[in-house]
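S.K.: Just the structure for this:
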Amino acid sequence: MDERHGEVVTVYTERSAVPNALWLALLQETSSVLDILVYAGLHLPEANPSWVPEIQRRCGDGVQVRIAFGDPESEEVRTRGEEEGVGAGMAARIRYALSWYQPILGVENLQVRFHATVLYNSIIRFDDQMLINPHIYSMPAFRAPIVHLRKIDGGPLFETYAECFERIWAQSRVLENKEG
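M.R.: Sure thing, here's the model as predicted:
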């Protein structure tokens, strides 16, 4: 068997099938890099009330945390809201998700930005593991699959998604104090 297939840890048929404990365990085990690329990612703090306090702890331990939310004022977010059938609800969900992070904005090692991209996948990187949530036209993200990846030498999948995050991060705008 081609060793690159070892990058795929498992595939969940939909995001809601991922055990809540897995999200939190991966976060708690993160020691250097936490990257989050989402439109809203509201499921993260809602399903795990200790999510935001744990991010603050990770930052305190020197973990570099970067979170890129969809820009609620962007055409891309408006379009995604229409595609999911929630209209302006998508922008409202982003603002609501951001309110969960409000208490830790400004914490050392935490950077928060807005992206205005057509987001084909949500990407959550925990050091050398990732959870990828492909976005499927007109389907809410919670009904789309999740691919759990791990980084291995010579494996292209993990690096492809890591590079995707970097490209979007580079063109994202810094969250202004009045927005958070």
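S.K.: distance of residue 43 from residue 155?
M.R.: Remark: distance between residue 43 and residue 155 (Cβ to Cβ, to the nearest Å) = 27 Å. Where C-beta positions appear, they are placed from N, C-alpha and C, glycine not excepted.
S.K.: ok, residues contacting the helix or strand bottoming out on mean pLDDT in the chain?
M.R.: Ranking every helix and strand in the chain by mean pLDDT, DSSP states H and E puts helix 75-84 at the bottom, with a mean of 78. By Cβ atoms under 8 Å, 6 or more residues apart in numbering, the list of residues contacting helix 75-84 from outside reads 39, 70-71, 87-91, 94, 116-119, 135, 137-140.
S.K.: Recalculate using a threshold of 6 Å.
M.R.: Helix 75-84 is contacted from outside by 70, 87, 89, 90, 91, 116, 118, 138, 140, using Cβ atoms under 6 Å, 6 or more residues apart in numbering.
S.K.: quick one, phi psi at the fourth one?
M.R.: Per-residue torsions, residue 90: phi -60, psi -50 (degrees, to the nearest 10).
S.K.: residues in contact with it?
M.R.: Taking Cβ under 6 Å, 6+ apart as the definition, contacts of residue 90 comprise 77, 80, 81.
S.K.: what's around the first one, how many residues?
M.R.: Yep, that's residue 77 we're talking about. By the other Cβ atoms under 10 Å criterion, the neighbourhood of residue 77 contains 25 residues.
S.K.: State the mean pLDDT of the longest helix along the chain.
M.R.: Longest helix of the chain, by residue count under DSSP state H: helix 156-171. Summarised as a single mean, pLDDT over helix 156-171 is 97.
S.K.: any idea which helix or strand comes after it?
M.R.: Counting by DSSP states H and E, the next helix or strand C-terminal to helix 156-171 is strand 173-174.
S.K.: partner strands of that following strand, parallel or antiparallel?
M.R.: Based on DSSP bridges, the pairing partners of strand 173-174 within the sheet are strand 110-115 (antiparallel).
S.K.: other SSEs contacting the helix or strand following the partner strand?
M.R.: Heading C-terminal from strand 110-115, the first helix or strand you meet, by DSSP H and E, is strand 121-126. Counting contacts by 3 or more Cβ pairs under 6 Å, 6 or more residues apart in numbering; DSSP states H and E, the secondary-structure elements packed against strand 121-126 are strand 33-37, strand 129-134.
S.K.: Can you give the distance of strand 121-126 from its chain's centre?
M.R.: The chain centroid and the centroid of strand 121-126 are separated by 5 Å under Cα atoms, centre = their mean, to the nearest Å.
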